[in-house]
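Student: with the input below, show me the fold.
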Amino acid sequence: MLLEIIGVSFILVLLWICLEFGTRFIGTKNRNKFFANFFKDVPMFYNEKTGPLKKELFSSLRELQVSSTELKNRKGIRILEIGAGSGANMEYYPENTKLTVVEPNPFFKEHLESTVKKFPGVELERYLITGAEDMKDIPDHSVDAVVSTSVLCSANDVQGIYKEIRRVLVPGGRYFFMDHVIDPRPSLLKLTQVFLGSLGIFQLFLNGCRPDKDIKRELEKGGFAQLDAKQFRLNLKGGVPLRYSVLYFVLPHIYGSATTALQ
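Tutor: Take a look at the predicted model:
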């Protein structure tokens, strides 16, 4: 028993040292660059596991009433995506999509532009390197839809982001989301999520991501006129490559849409 206690204590001390000095030693710029390069392919693998649900979710984009007469005549749409990363959602967007991206990690820009070239029906109008908590460069009521997938786990001010989403959406516009959440059931996974999130281990190595956020509860407080959120768990039967093993800690998910009030 004594050896086990010593071993666990040693590991905790090492973790504390990593958390205390790791970010300062590595630097925010280097951490962002590493994250963008190492994880640029993770969303594509993630699509293999969530593709049918994403296809179902984003099919509604084609049914939205858009605000621009020009886009309406061309059966187009104006979309704002928060944290688009390397562009995993491009394949689900309808033809004649005018896209604005808000992304705090500048090192994803090259990867996203490369992906967009594969989808001529998507035009990247603007790429803003900023956080979604303050999207002051995007006018009020100027986009028909907002999209975010596996993003809000890294947000410091989720309610601030929802406020900005409501501001930039047209009246009756919709916000489409898919996020991993804290396990709603009492389980070893939930305990592990809280442990990793509380110590900051995920935040340090996964660009601020917390596995223990209750995004569903945040959405319910988000001020939307209507909310449709469904639950699912990632199916990782058969295993995953080592570099994607972090997905075992984020099995519980929600997806759906939220609608702003008509004015």
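Student: which helix or strand contains residue 179?
Tutor: In the assignment (DSSP states H and E), residue 179 maps to strand 169-180.
Student: relative to that strand, what are the paired strands and their orientations?
Tutor: Here strand 169-180 has these sheet partners by DSSP bridges: strand 143-149 (parallel), strand 252-259 (antiparallel).
Student: can you list contacts of the last one?
Tutor: Meaning strand 252-259. 50, 53-54, 57, 60, 172-184, 189, 215-216, 219, 222, 224-234 (C-beta atoms under 8 Å, 6 or more residues apart in numbering). C-beta: built from backbone N, CA, C; applies to glycine.
Student: how about 7 Å then?
Tutor: The contact list for strand 252-259, computed with C-beta atoms under 7 Å, 6 or more residues apart in numbering, reads 53, 57, 60, 172, 174-181, 183-184, 215-216, 219, 222, 224-234.
Student: coming back round to it: quick one: buried residues of the strand holding residue 179?
Tutor: By neighbour count with 16 or more other C-beta atoms under 10 Å, strand 169-180 contains the buried residues 169, 170, 172, 173, 174, 175, 176, 177, 178, 179, 180.
Student: now the element after that strand, going C-ward?
Tutor: On the C-terminal side of strand 169-180, the nearest following helix or strand under DSSP H and E is helix 188-199.
Student: roughly how far is the next helix or strand along the chain from that next one from the heart of the chain?
Tutor: Counting by DSSP H and E, the next helix or strand C-terminal to helix 188-199 is helix 201-205. Relative to its chain's centre, helix 201-205 lies at 16 Å (C-alpha atoms, centre = their mean, to the nearest Å).
Student: and for stretch 191-210?
Tutor: With C-alpha atoms, centre = their mean as the basis, stretch 191-210 stands 16 Å off its chain's centre.
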